Every structure is written in C-alpha cells, then in structure tokens.
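> Give the three-dimensional model of this entry:
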Amino acid sequence: MCAHEVVATGLRPEDFYSERHQLVWGAMLALYRDGRAPDAVLVDAELARRGEKDRAGSPDVLTSAWDQVVTAANLLYYVREVRNAAMLR
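I've put the predicted structure just below:
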C-alpha cells in the first residue's frame, strides 16, 4: 500500500479538530478518489467548487500549510497522532 492509500484510508475529515483542516482534508480526499494528486492549486479549486473556500481560509493560508506538509518518512506517525487525538475527543 502506498503512502497516499495509507493516509486516504486512515483518516477521515472529522478526525481533525479544526474545521479548516476538516474541509481541506475532505477536498484532498475527493481529489484522491478522482485519481488526481492533490496540490495547493487543486485543493483550492475543489474547496471553491464545494462552496467551502471562505470557511477553509485564504489561498495564502493553504499555501503556507502546504509548505509544512510532513514527509512520507513520518507519515504513519502523523496519521496515528491525528487518529489518537480524535479518539480522545
């Protein structure tokens, strides 16, 4: 299973605490399921298509977050951290 599949099957939007993160993750999953690799431009367009762009934050916020994305080397660790935090809530 590739890293994208691990993340796509391991996390749901509601696993994230922040509504902004939930919206962005939902847009990323939609792109992934459509066979498109998410990037900042596509995620921004998907958020606009869904009418969620204003609630998800400005494009600058999205681009800034994109620059801080974890590397594949630590991917499973972060998936576990988000899921554990979701279970505690």
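> Which of the three states applies to Ala86?
helix (DSSP: H, G, I helix; E, B strand; the rest coil).
> Tell me which residues touch it, please.
Glu14, Asp15, Phe16, Tyr17 (Cβ atoms under 8 Å, 6 or more residues apart in numbering). From N, CA and C alone the C-beta is placed, and that goes for glycine too.
> Need phi/psi at the third one.
Phe16 adopts backbone torsions of phi -90, psi 140, taken as degrees, to the nearest 10.
> Not counting its neighbours along the chain, what's nearest it?
Gln22 (4.8 Å; Cβ to Cβ, 6 or more residues apart in numbering).
> now that neighbour: how far from Pro13?
Remark: distance between Gln22 and Pro13 (Cβ to Cβ, to the nearest Å) = 4 Å.
> residue ranges with poor pLDDT in the protein?
Residue ranges of the chain with pLDDT under 70: 1-9, 61-75.
> tell me the centre residue of it?
When Cα atoms, centre = their mean is applied to the chain, the residue found nearest the centroid is Trp25 (2.7 Å).
> give me the element that residue is part of.
According to DSSP states H and E, Trp25 maps onto helix 19-33.
> Tell me which helix or strand comes right after that helix.
Next helix or strand after helix 19-33 toward the C-terminus (DSSP H and E): helix 40-49.
> Pull out the buried positions in that next one.
The neighbour-count check on helix 40-49 (16 or more other Cβ atoms under 10 Å) flags Ala40, Leu42, Val43, Asp44, Glu46, Leu47 as buried.
> Contact partners for Gly26?
Pro13, Arg50, Glu52.
> Return the closest of those residues with respect to Val79.
Pro13 (13.8 Å; Cβ to Cβ).
> show me the contacts for that closest one.
Gln22, Leu23, Trp25, Gly26, Leu29.
> would you list those in a markdown table and tack on distance to Val82?
Listed next are those as a markdown table, based on distance: Cβ to Cβ, whole Å:
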| residue | distance to Val82 |
| --- | --- |
| Gln22 | 11 |
| Leu23 | 15 |
| Trp25 | 9 |
| Gly26 | 14 |
| Leu29 | 14 |
